[in-house]
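Asks: Here is my input; please provide its structure:
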Amino acid sequence: MLDQGAIDWDDFRFVLAIVRGGSVSAAAKQLGVDHATVIRRVDRLEKHLSAKLFDRRKTGYLLTEAGQRVADSAEAMESTIVANQEQVGGSVARLTGTVRIGAPDGFGTAFLAPRLAPFADRYPDLDLQLVATARLFSLSKREADIAISLTMPKEGRIVGRKLLDYRLGLYAAPAYLDRFPTIVSREVLPQHRFVGYIEELLFTPELDYLPQVSPRISARFRSANLIAQLNATLSGFGIAVLPHFMASDYPQLVAVLPEEISITRTFWMLMHADSKDLARIRAVADYIGEIVERERALFAGR
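Replies: This next block holds a predicted model:
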């Protein structure tokens, strides 16, 4: 019989399951127990800790401040167990929960999304969320667990590592090139129709490509979304600066002045210092690093 004065560390799993599942019933299903067992184990832990971990509401269980601290501790314990399991036993850990990845729309949609299936096969109980949009993500506010960024923050408790440099170039569709004068040099580019970003909506100056091509270029079609720019370019609207890793999926696109114009940017992978060692986050981060390294040539261009 359990000593009533001692904490059963397994009870922390039940708190974590409620947090991740969003409800007692979801936690029960995840852990393979009945509804009453989940409630009993959480009640017991609250008594041992002399703290209320959840506000019980009709809409579900909401973490209190004390509950958040306990959930954070539970994740840290889980990560330690997982690390020992893999190092000592050599087996693939069973990870649960959700990992949210924030990424620029091009990288997230064109590169990352089509390559996540093998990871899901390896960790079937881990849920992935991909927010693929051109914006900054606040890791401290938990808008994302992992953020792919074009810059490395200069302040805050953010830990980052360089994924790789990638190259961009000018591309156009034959539907455009066949209707407009032949492009023989950079000097004639201002005579052509361009696709680009809406300057006032740029979330980072790293995306302001056109002035680097020529200060006399002004885009005739603008969008804050790179996929929209790609589709406009494919339709024959004009010339766009596109990452090579995206353009390679569309062999009909023609590189414009590839020997003369090349732009280089960098992808960084960022995590918050408090969560970077959690097993579920570390597993996703390692996988992203692996697939980027494996396909490094894709980012260098044709």
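
Asks: okay, residue 295: pLDDT?
Replies: For residue 295, the pLDDT comes out at 95.

Asks: How many residues are close by it?
Replies: Residue 295: 13 surrounding residues under other CB atoms under 10 Å. Any C-beta I mention is one placed from the backbone N, CA and C, and that applies to glycine too.

Asks: Now do the contacts for it.
Replies: 111, 245 (CB atoms under 8 Å, 6 or more residues apart in numbering).

Asks: State the distance from it to residue 231.
Replies: Distance, residue 295 to residue 231, using CB to CB, to the nearest Å: 23 Å.

Asks: now swap in residue 194 and tell me
Replies: Residue 194 is 15 Å from residue 231, by CB to CB.

Asks: So those two - more neighbours on which side?
Replies: Ranked by neighbour count (other CB under 10 Å), residue 194 and residue 231 place residue 194 first, with 25 against 13.

Asks: So what's the residue count around the nearest residue to the more buried one once chain neighbours are set aside?
Replies: Excluding its sequence neighbours, the residue lying closest to residue 194 (CB to CB, 6 or more residues apart in numbering) is residue 219, at 4.5 Å. Counted by other CB under 10 Å, the residues lying close to residue 219 total 20.

Asks: wait, isn't residue 219 in contact with residue 189?
Replies: No - contact criterion CB atoms under 8 Å: residue 219 and residue 189 do not qualify, at 11.8 Å.

Asks: May I ask which helix or strand encompasses residue 265?
Replies: Assigned by DSSP states H and E, residue 265 belongs to strand 263-272.

Asks: Off-centre distance for stretch 143-150?
Replies: 5 Å (CA atoms, centre = their mean, to the nearest Å).

Asks: Run through the stretch 51-200 of the chain and note the low-pLDDT ranges.
Replies: Residues of the stretch 51-200 of the chain meeting the criterion pLDDT under 70: 79, 82-93.

Asks: Can you name the residues that contact residue 60?
Replies: 22-23 are the contacts of residue 60 under CB under 8 Å, 6+ apart.

Asks: Phi first, then psi, for it.
Replies: Per-residue torsions, residue 60: phi 140, psi -170 (degrees, to the nearest 10).

Asks: okay, now residue 195: neighbour count?
Replies: When neighbours are counted by other CB under 10 Å, residue 195 comes out with 26.

Asks: Distance of it relative to residue 239?
Replies: 7 Å.

Asks: all strands of the stretch 101-250 of the chain, in order?
Replies: 126-132, 146-149, 158-172, 194-196, 221-222, 239-243 (DSSP state E, counting those that start in this stretch).

Asks: quick one: buried residues of stretch 269-285?
Replies: By neighbour count with 16 or more other CB atoms under 10 Å, stretch 269-285 contains the buried residues 269-272, 275-276, 278-285.

Asks: Quick check: the farthest pair among these?
Replies: 270 and 279 (18.4 Å; CB to CB).

Asks: neighbours around residue 142, how many?
Replies: Neighbours around residue 142, by other CB under 10 Å: 11.

Asks: do the same with residue 68
Replies: Residues near residue 68, counting by other CB under 10 Å: 12.

Asks: Helices of the stretch 1-150 of the chain, start to end?
Replies: 11-21, 24-31, 35-49, 65-84, 105, 117-122 (DSSP state H, counting those that start in this stretch).

Asks: from the middle of its chain, how far away would the third one be?
Replies: Read that as helix 35-49. Distance, centroid of helix 35-49 to centroid of chain: 34 Å (CA atoms, centre = their mean).
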